[in-house]
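Asks: no FASTA, just this:
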Ligand code: IPE
Ligand code: IPE
Ligand code: MG
């Protein structure tokens with residue numbers, strides 16, 4: 001629809017990325033800059049999630065993936081990990097009501113094993129409660145690692161080969177994609193990393209192979225809908241060639 005008005009006139013609503021993934025980084029630095037403990041940075045970061053979800057929905061994004069806790073984040077102090085999980089259970093309960101009202105479906109990617117029972121239950125309840133919602137998917141990456149996901153997919157495929165259900169030569173890119181944590185989940189079009197770090201930190205290694213990457217110096221708790229619109233404007237200025245010719 002050409003006359004559809006979006007929240008930012010710079011954005012072409014016919015060219016909005018289908019799948020936006022965000023590495024939500026910089027909570028600790030935000031806290032330090034504001035003279036607060038790290039836990040306050042995580043709280044401020046958790047508050048941003050709702051606004052960005054609503055902004056993506058309004059733009060017509062189909063899927064939003066959010067990196068919340070990596071398989072490497074277990075290397076942090078027990079105190080920080082405990083405070084993160086406490087915050088997660090509180091936030092998921094609140095978030096569940098909010099996203100359910102706006103017809104958003106929650107998905108989880110990563111490994112639930114090893115997470116505290118309460119976190120697992122809250123995620124599962126929210127996934128179950130929102131499973132028939134259709135406006136947009138939000139995929140929360142919790143205890144997620146891209147290498148771990150590919151390792152787990154390889155094991156599943158090897159088991160099928162060993163059982164005689166598949167031959168090695170039947171293993172295609174589609175077979176690998178079908179054995180990831182969320183088969184059928186679209187590839188990432190736009191990957192945003194906040195806080196200025198120019199790295200992937202083991203996020204969605206398979207799914208980002210042709211994502212446009214935007215690194216912004218903005219720390220996650222300061223990342224606003226306007227920051228998102230700026231990223232989408234830049235995304236729309238890029239020429240996506242996928243190895244071909246423009
Ligand atoms: C991102 O913020 C949140 C998680 C990784 C859980 P950080 O805690 O990594 O913040 P910085 O990088 O120390 O600023
Ligand atoms: C990536 O941030 C993980 C999340 C945002 C959940 P990190 O802060 O853990 O990444 P590194 O350690 O700087 O690469
Ligand atoms: Mg960090």
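Replies: Great, that's in hand. None of these values were measured; they are calculated from a predicted model. Ligands and ions are numbered 1, 2, ... in the order given.
Asks: what's the distance between the residue in the chain that ligand 1 sits nearest to and ligand 2?
Replies: Nearest residue of the chain to ligand 1: residue 28, at 2.6 Å (C-beta to the nearest ligand atom). Placement of C-beta: from N, CA and C, glycine included. For residue 28, the distance to ligand 2 equals 8 Å [C-beta to the nearest ligand atom, to the nearest Å].
Asks: and if you look at residue 32?
Replies: To ligand 2, residue 32 is 13 Å away according to C-beta to the nearest ligand atom.
Asks: centre of the chain to the helix or strand that residue falls within, how far?
Replies: According to DSSP states H and E, residue 32 maps onto helix 27-33. Distance of helix 27-33 from the chain centroid (C-alpha atoms, centre = their mean, to the nearest Å) equals 21 Å.
Asks: so which other helices or strands are in contact with the helix or strand just after it?
Replies: Where DSSP H and E defines the elements, the next helix or strand beyond helix 27-33 is helix 38-59. With contacts defined as 3 or more C-beta pairs under 8 Å, 6 or more residues apart in numbering; DSSP states H and E, the packing partners of helix 38-59 are helix 27-33, strand 63-70, helix 78-101, strand 136-144, helix 225-237.
Asks: is any residue of the helix or strand that the third one is followed by near ligand 2?
Replies: The C-terminal neighbour of helix 78-101 among helices and strands, as given by DSSP H and E, is strand 104-109. No - Strand 104-109 is not in contact with ligand 2 by C-beta under 6 Å from any ligand atom; minimum separation 12.1 Å.
Asks: just list what strand 104-109 packs against, helices and strands only.
Replies: Contacts defined by 3+ C-beta pairs under 8 Å, 6+ apart place strand 104-109 against helix 78-101, helix 117-129, strand 136-144.
Asks: out of these, deepest packed?
Replies: When neighbours are counted by mean count of other C-beta atoms under 10 Å, the highest per-stretch mean among those falls to strand 136-144, a mean of 23.
Asks: give me the contact status of that one with ligand 1.
Replies: No - shown here: strand 136-144 not in contact with ligand 1 (C-beta under 6 Å from any ligand atom), separated by at least 9.7 Å.
Asks: tell me how many other residues crowd residue 204.
Replies: Residue 204 is flanked by 26 other residues according to other C-beta atoms under 10 Å.
Asks: list the contacts of the residue of the chain closest to ligand 1.
Replies: Counting by C-beta atoms under 8 Å, 6 or more residues apart in numbering, residue 28 makes contact with 38, 41.
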